[in-house]
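**Student:** Need the 3D shape of this:
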Amino acid sequence: MNRSAGSSLEVLFTPAEFAALHARNLSGTTCVVFDVFRATTSMVTALANGAEAVVPVAEIAEAVSLKCERPELLLAGERDGVRIRSPLSGGVDFDLGNSPREFTAEKVGGRTIAMTTTNGTRALKACVGAREILVGSFLSLGAVAERIRRDQPEHLLIVCSGTYEQAAYEDTLGAGALCDAVWDLYANATIADSAQIARTIYAAAKHDLLAAVGIHSRNGRRLLRISELRDDAVFCLQRDTVQFVAVLEKDGAVRHA
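**Tutor:** Purely as a prediction, here's the structure:
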């Protein structure tokens with residue numbers, strides 16, 4: 001069934017746009033947040049490897065405070081792409097950084113993780129108040145698209161986490177891939193130019209995403225030129241390796257849907 005003219009499909013590209021979400025009524029909106037390199041990919045990977053939940057927090061101090069209250073928590077996060085160490089946190093070395101390859105079953109199985117990153121966790125928190133908040137990644141793209149097809153939300157808002165205060169090419173690819181997967185549902189809806197732009201960019205790159213991010217993505221180029229991080233780029237661009245949807249629930253934790 002196609003959505004009505006009163007429904008909408010929109011993409012936000014930059015932190016300035018998602019920072020303004022507090023002024024919008026999102027109660028009828030499903031949000032999907034992408035931080036492809038690497039926060040949302042790491043969250044999905046953690047859950048796939050048996051983590052109980054991931055609690056996204058905006059600030060380092062908030063993560064450390066949660067750890068004091070709940071010593072069993074794992075701490076994960078980065079600033080400037082690097083795992084948070086004691087000089088930044090006031091004396092605590094975080095257990096994990098932001099590489100999805102760190103979130104192995106041996107490390108995260110059965111555990112709850114408090115996670116803070118430069119952009120991804122901020123983007124998720126910005127969507128609080130939405131009807132539903134889904135965690136986007138290429139790993140779970142098919143499952144997310146199927147969820148949207150099942151629920152047919154009136155308003156679908158895809159949020160790109162970006163890099164610092166700028167847009168991120170790889171998040172645009174993720175948003176465009178999801179737009180492409182559900183495009184027919186919104187044929188009669190109000191489709192924002194931003195959704196058209198994301199879908200067009202994805203269409204131009206979809207046959208070789210790794211090559212595309214190596215040319216066009218600032219984060220992709222950085223990951224690919226650092227030998228120990230190159231595999232992160234490859235990992236994050238895998239398509240449909242997990243068959244579940246990760247959801248930010250009302251208590252502030254990301255879990256299996």
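**Student:** What segments of the stretch 1-150 of the chain are helices?
**Tutor:** Secondary structure of the stretch 1-150 of the chain, counting by DSSP state H, counting those that start in this stretch: helices at 15-19, 39-48, 60-69, 86-89, 105-108, 120-126, 141-151.
**Student:** So what does residue 159 look like in phi/psi?
**Tutor:** phi -110, psi 120 (degrees, to the nearest 10).
**Student:** contacting residues for it?
**Tutor:** By C-beta atoms under 8 Å, 6 or more residues apart in numbering, the contact list for residue 159 reads 11, 12, 18, 21, 31, 32, 33, 34, 123, 126, 127. Bear in mind the C-beta positions are built from the backbone N, C-alpha and C, glycine included.
**Student:** is the first one in a bridge, and if so with what?
**Tutor:** Taking DSSP bridges as the rule, residue 11 bridges to residue 158.
**Student:** any idea how far residue 227 is from it?
**Tutor:** 33 Å (C-beta to C-beta, to the nearest Å).
**Student:** who's more crowded, these two?
**Tutor:** Under the criterion of other C-beta atoms under 10 Å, the comparison of residue 11 against residue 227 puts residue 11 first, with 28 against 7.
**Student:** returning to what we had before: can I get the contacts of residue 159 in TSV including pLDDT?
**Tutor:** Formatted as TSV, these follow (pLDDT from 0 to 100):
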residue	pLDDT
11	98
12	98
18	93
21	95
31	98
32	98
33	98
34	98
123	96
126	96
127	97
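**Student:** what's the closest of these to residue 187?
**Tutor:** Residue 187 has its nearest neighbour among the contacts of residue 159 in residue 11, at 16.9 Å by C-beta to C-beta.
**Student:** residues in contact with that closest one?
**Tutor:** Neighbouring residues of residue 11 by C-beta under 8 Å, 6+ apart: 157-160, 172, 175-176, 179, 192, 194-195, 197-198.
**Student:** Show me the residues you listed that map onto strands.
**Tutor:** Among those, DSSP state E puts 157, 158, 159, 160 in strands.
**Student:** what's the closest of those to residue 62?
**Tutor:** Once C-beta to C-beta is applied, the member of the ones in strands among the contacts of residue 11 that ends up nearest residue 62 is residue 159, at 20.4 Å.
**Student:** what about residue 187, how many neighbours?
**Tutor:** Count around residue 187 with other C-beta under 10 Å applied: 10.
**Student:** cool, residue 19 as well?
**Tutor:** Neighbour number of residue 19 under other C-beta under 10 Å is 14.
**Student:** Repeat that for residue 225.
**Tutor:** Residue 225 - counted by other C-beta under 10 Å - has 10 other residues nearby.
**Student:** mind listing what it touches?
**Tutor:** With the criterion set at C-beta under 8 Å, 6+ apart, residue 225 makes contact with nothing.
**Student:** Dump the contacts of residue 159 to TSV, plus distance to residue 216.
**Tutor:** Formatted as TSV, the contacts of residue 159 follow (distance: C-beta to C-beta, whole Å):
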residue	distance to residue 216
11	17
12	19
18	21
21	26
31	25
32	22
33	21
34	16
123	21
126	25
127	26
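**Student:** Can you tell me which of those residues is nearest residue 235?
**Tutor:** Among the contacts of residue 159, and counting by C-beta to C-beta, the member closest to residue 235 is residue 34, at 15.3 Å.
**Student:** Tell me the spacing between residue 127 and residue 210.
**Tutor:** 29 Å.
**Student:** Mind checking which of those two has more residues around it?
**Tutor:** Higher neighbour count among residue 127 and residue 210: residue 127, with 24 against 13, using other C-beta under 10 Å.
**Student:** so what's the residue lying closest to that one once chain neighbours are set aside up against?
**Tutor:** Nearest non-adjacent residue to residue 127, counting by C-beta to C-beta, 6 or more residues apart in numbering: residue 31, 4.1 Å away. Counting by C-beta under 8 Å, 6+ apart, residue 31 makes contact with 127, 130, 132, 133, 134, 157, 158, 159.
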